[in-house]
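Q: Whatever this is, show me its structure:
(one chain, ligands or ions: 1)
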Amino acid sequence: IVCFKMAAWFEMRFSFLLVHFLVLVGLTCAGNFSIDYDNNTFLKDGKPFRYVSGSIHYSRVHPFYWKDRLNKMRIGGLNAVQIYVPWNVHELSPGKFTFSGASDLPQFLTLAKESDLVVLVRLGPYICGEWEFGGFPAWLLTENKDMILRTSDPSYISFVDKWYTALLTTLKPYLYDNGGPVVMVQIENEYGSYFACDSDYLKFLYHKVRRVLGDSVIIYTTDGDGDGYLKCGTIQGAYATVDFGPTQSPLGNFKSQRDFEPKGPLVNSEFYTGWLDHWGQPHSHYDWVNVAKSLDLILELGANINMYMYEGGTNFGYMNGANDPPYMPVPTSYDYDAPLNESGDITVKYYAFRDIISKYYSLPSDPITPNTPKGKYGPQQMIFMSTVQDALSILCPEGPTMSTYPLSMEEVKHYYGFILYRHKLKSAVTNSSLVTDGVRDRGYVMVDQLPQGMLYREDTTEVKVTGSAGQYLDIFVENTARVGFSTAMNFMRKGLIYNVTLGGEMVTGWEIYPIHLENMQHVKASRSSPKLSSSGNLATPSIYGGKVNFGATKDPPMDTFLDMRPWAKGQAFVNDFNLGRYWPQEGPQVTLYVPAPVFSTTGTNQLFVLELEYSPCSRTNDTVCTVNLTDIPYIDAKPAGRNIEAESRGAWRKHNVH
Ligand SMILES: CCCC/N=C1\SC[C@@H]2[C@H](O)[C@H](O)[C@@H](O)CN12
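A: Residues are numbered from 1 along each chain as shown. Alright, predicted model coming up:
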């Protein structure tokens with residue numbers, strides 16, 4: 001308003017100066033964020049500025065809670081947040097872009113600005129982040145299964161170009177120079193850790209951003225703190241930053257940044273406050289004292305810092321990622337042992353880091369926001385509804401694709417979750433070997449819905465099968481995640497990706513059923529029952545449902561945690577919201593976070609579960625057919641027994657963490 005009145009006053013008196021004045025006013029009203037190389041600092045509106053930032057991923061927090069988390073981050077003493085833009089939540093199919101609902105990036109940026117936080121946007125197109133396929137949409141693999149990701153491969157670049165145009169035009173109004181919160185944008189992600197080292201690719205990304213966003217926004221890169229990483233991860237014109245975890249000598253960690261940026265602000269773009277988990281591994285935990293001391297040392301240097309993660313959140317649905325080798329999917333919880341835990345609650349790290357920050361900056365006067373209340377709703381009655389096979393007309397309304405040989409999920413354009421491969425036996429088999437090393441990633445083998453055994457990509461490629469001619473041989477495959485790191489990313493097809501033999505003969509003639517679990521709510525209770533394998537530890541993958549019982553309370557539904565013990569492994573929904581995967585017997589995650597906003601406050605609420613292996617339910621005794629809604633999260637169970645695979649996973653962690 002001030003700017004407008006000033007412009008109007010000038011127009012009445014010196015219209016010939018108006019053009020010049022408006023330009024001046026425009027610059028004055030908009031912000032300006034730049035690098036002062038002589039004084040090794042950022043400048044925000046001409047004044048030295050050091051950011052104390054935290055990573056939060058909008059795709060991992062229910063939109064209802066975005067404001068709550070951002071406000072807690074501000075009160076925690078932060079003046080900035082860093083986000084990833086996952087391509088696969090914004091372009092669900094080629095050319096169809098969405099920035100709404102849980103993918104409403106403009107809304108998230110608006111809320112960040114309202115919380116007086118500037119935003120560092122990590123554009124991708126690759127984001128790593130233990131997110132499904134590192135953020136890449138899986139349909140890229142349908143377009144060209146030989147595409148070499150993260151290179152100047154023309155088939156890859158053509159899709160990146162279209163995606164970047166949609167993203168950058170959406171982002172432009174939110175640049176700091178245009179009055180928004182976005183002060184810096186990152187291209188790619190730890191590119192120096194990738195085998196390709198394709199500078200033409202980085203140049204393409206850099207110039208694309210410059211063409212759309214203009215010359216003033218700071219473009220940056222992030223790499224591990226080693227010259228070997230920055231050698232291929234940096235590009236002329238983009239400010240090079242590094243990432244490293246708790247350290248007693250941060251100046252040493254910053255040396256590699258100084259080797260590439262002799263002048264300019266020190267920046268640690270990922271200061272690890274905790275670490276990622278893998279199914280079957282102990283929950284990662286970083287001691288808060290050690291992390292706080294290191295935070296203090298970094299702030300004492302005057303360096304800029306982004307704490308990764310500050311709010312980890314949840315891999316809802318099928319969006320968890322995986323690492324390889326060996327293949328190791330990450331759980332639904334992305335708690336990361338972060339200062340704000342998965343459900344946004346304050347932890348000891350929050351208090352500790354806030355105290356450290358208060359040595360350097362005065363804290364907001366607001367009181368620390370209380371944690372959201374949690375509902376302890378107790379046991380929830382479930383009932384068997386149907387086996388997957390008996391519900392195919394609902395779960396796969398489009399019907400099967402017929403094929404001589406198995407087709408991958410990408411070839412039938414079904415990218416996430418589950419798919420059923422069916423073959424009608426031409427002759428009887430008795431204890432015959434079914435063999436394939438093409439299952440991606442877990443396959444449940446059945447004949448006439450009777451479980452025969454399980455296939456797993458890492459160690460089980462054979463199952464003994466018995467059946468009669470005319471019976472259906474079914475292989476129900478779970479895609480447990482596409483790897484989001486290393487060269488392995490380029491070999492990420494899912495479902496059955498190689499042929500199958502039975503008794504030494506090639507199996508030909510398949511019906512292929514993509515499974516749409518979001519249709520579970522329409523499945524009618526069937527009269528059949530799941531069949532139990534001879535070993536007793538596998539039952540026909542089946543769907544169970546139950547009406548949520550909140551008890552006598554009149555209060556609106558609260559955040560709660562779904563404890564699936566003693567069920568084995570599967571996928572859980574509340575109404576049509578896909579909470580994610582559960583696997584309590586594998587651990588370390590046992591409970592699934594259920595954000596309150598997924599419950600209806602007016603109608604009834606339903607729980608739906610696809611159980612893959614074994615449920616406690618039986619026709620004769622439904623008192624045991626329950627799941628539990630508790631008020632306490634449990635994500636650090638000790639995986640049972642010696643697990644060679646888990647130990648080798650530990651090797652990955654040692655090998656890969658720089
Ligand atoms: C040498 C590469 C190590 C892999 N980098 C990791 S493991 C945990 C974190 C997140 O994935 C983050 O998205 C990466 O940028 C850095 N990082």
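
Q: Show me which residues of the stretch 501-650 of the chain are close to the ligand?
A: Proximity of the stretch 501-650 of the chain to the ligand is not found for any residue under the rule CB under 6 Å from any ligand atom. Every C-beta, even on glycine, is put in place using the N, C-alpha and C of the backbone.

Q: what ranges do the helices span in the stretch 501-650 of the chain?
A: Here the stretch 501-650 of the chain has its helices, by DSSP state H, counting those that start in this stretch, at 644-656.

Q: now do the chain
A: Using DSSP state H, the helices found in the chain span residues 2-29, 66-75, 87-90, 105-114, 139-143, 154-171, 199-213, 227-233, 250-260, 288-300, 348-358, 392-395, 644-656.

Q: How far off centre is the fifth one?
A: Read that as helix 139-143. 19 Å (CA atoms, centre = their mean, to the nearest Å).

Q: List the buried residues for it?
A: Residues of helix 139-143 classed as buried by neighbour count (16 or more other CB atoms under 10 Å): 139-142.

Q: now the fourth one
A: Of the residues in helix 105-114, those buried by neighbour count under the rule 16+ other CB under 10 Å are 105, 107-113.

Q: ok so, going back, of the buried residues of helix 139-143, which is the nearest to the ligand?
A: Taking CB to the nearest ligand atom as the measure, residue 140 is the one of the buried residues of helix 139-143 closest to the ligand, at 19.0 Å.

Q: isn't the closest one right next to residue 148, touching?
A: No: using CB atoms under 8 Å as the test, residue 140 is too far from residue 148 to be in contact (10.9 Å).

Q: Find the residues that touch each one of these two.
A: residue 156 (CB atoms under 8 Å, 6 or more residues apart in numbering).

Q: Residue 133 - nearest residue in space that isn't next to it in sequence?
A: residue 482 (3.8 Å; CB to CB, 6 or more residues apart in numbering).

Q: re earlier: for residue 597, find the nearest of the helices of the chain.
A: helix 66-75 (10.9 Å; CB to CB).

Q: Export the closest one to CSV, keeping only CA atoms.
A: Output in CSV follows, covering the C-alpha atoms of helix 66-75 (Å, rounded to 0.1, in the frame of the first residue of the first chain):
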residue,chain,number,x,y,z
TRP,A,66,1.9,-28.3,7.6
LYS,A,67,1.2,-25.1,9.6
ASP,A,68,1.7,-26.8,12.9
ARG,A,69,5.1,-28.2,12.0
LEU,A,70,6.3,-25.0,10.3
ASN,A,71,5.3,-23.0,13.4
LYS,A,72,7.1,-25.4,15.7
MET,A,73,10.2,-25.0,13.5
ARG,A,74,10.0,-21.2,13.8
ILE,A,75,9.6,-21.5,17.6
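
Q: now the angle from it to helix 105-114?
A: 30 degrees (axes from the mean of the first three to the mean of the last three CA atoms, to 10 degrees).

Q: And helix 66-75, what does it pack against?
A: strand 52-56, helix 105-114, strand 304-311 (3 or more CB pairs under 8 Å, 6 or more residues apart in numbering; DSSP states H and E).

Q: wait, what's in contact with residue 286?
A: Going by CB under 8 Å, 6+ apart, residue 286 touches 245-246, 272-275, 337.

Q: Run through the residues of the stretch 51-200 of the chain sitting next to the ligand.
A: Within the stretch 51-200 of the chain, the positions lying close to the ligand (CB under 6 Å from any ligand atom) are 128-130, 189-190, 193.

Q: Quick check: of these, which has the highest neighbour count?
A: Ranked by the number of neighbours (other CB atoms under 10 Å), these place residue 189 first, at 28 neighbours.

Q: Drop anything exposed from the contacts of residue 286.
A: 245-246, 272-275, 337.

Q: Now distance to residue 32 and pLDDT too, for the residues you listed, in TSV please.
A: Putting the buried ones among the contacts of residue 286 into TSV (distance: CB to CB, whole Å; pLDDT from 0 to 100) gives the following:
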residue	distance to residue 32	pLDDT
245	33	98
246	34	98
272	32	98
273	31	98
274	35	98
275	37	98
337	37	98
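
Q: From those residues, which land in strands?
A: Of these, the ones assigned to strands by DSSP state E are residue 272.

Q: ok, and which of the buried ones among the contacts of residue 286 reach the ligand?
A: Of those, not one also sits near the ligand (CB under 6 Å from any ligand atom).

Q: Skipping adjacent residues, who's closest to residue 110 in space?
A: residue 174 is the one closest to residue 110 (CB to CB, 6+ apart), at 7.9 Å.

Q: give the contact list for the one you found.
A: By CB under 8 Å, 6+ apart, the neighbours of residue 174 are 106, 109-110, 113, 119, 180-182.

Q: tell me which of these is nearest to residue 500?
A: For the contacts of residue 174, the nearest to residue 500 is residue 106 (47.1 Å; CB to CB).

Q: picking that back up, want to throw the helices and strands packed on helix 66-75 into JSON lines with mean pLDDT?
A: Compiled in JSON lines, those are given as follows (pLDDT from 0 to 100):
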{"stretch": "strand 52-56", "mean pLDDT": "99"}
{"stretch": "helix 105-114", "mean pLDDT": "99"}
{"stretch": "strand 304-311", "mean pLDDT": "99"}
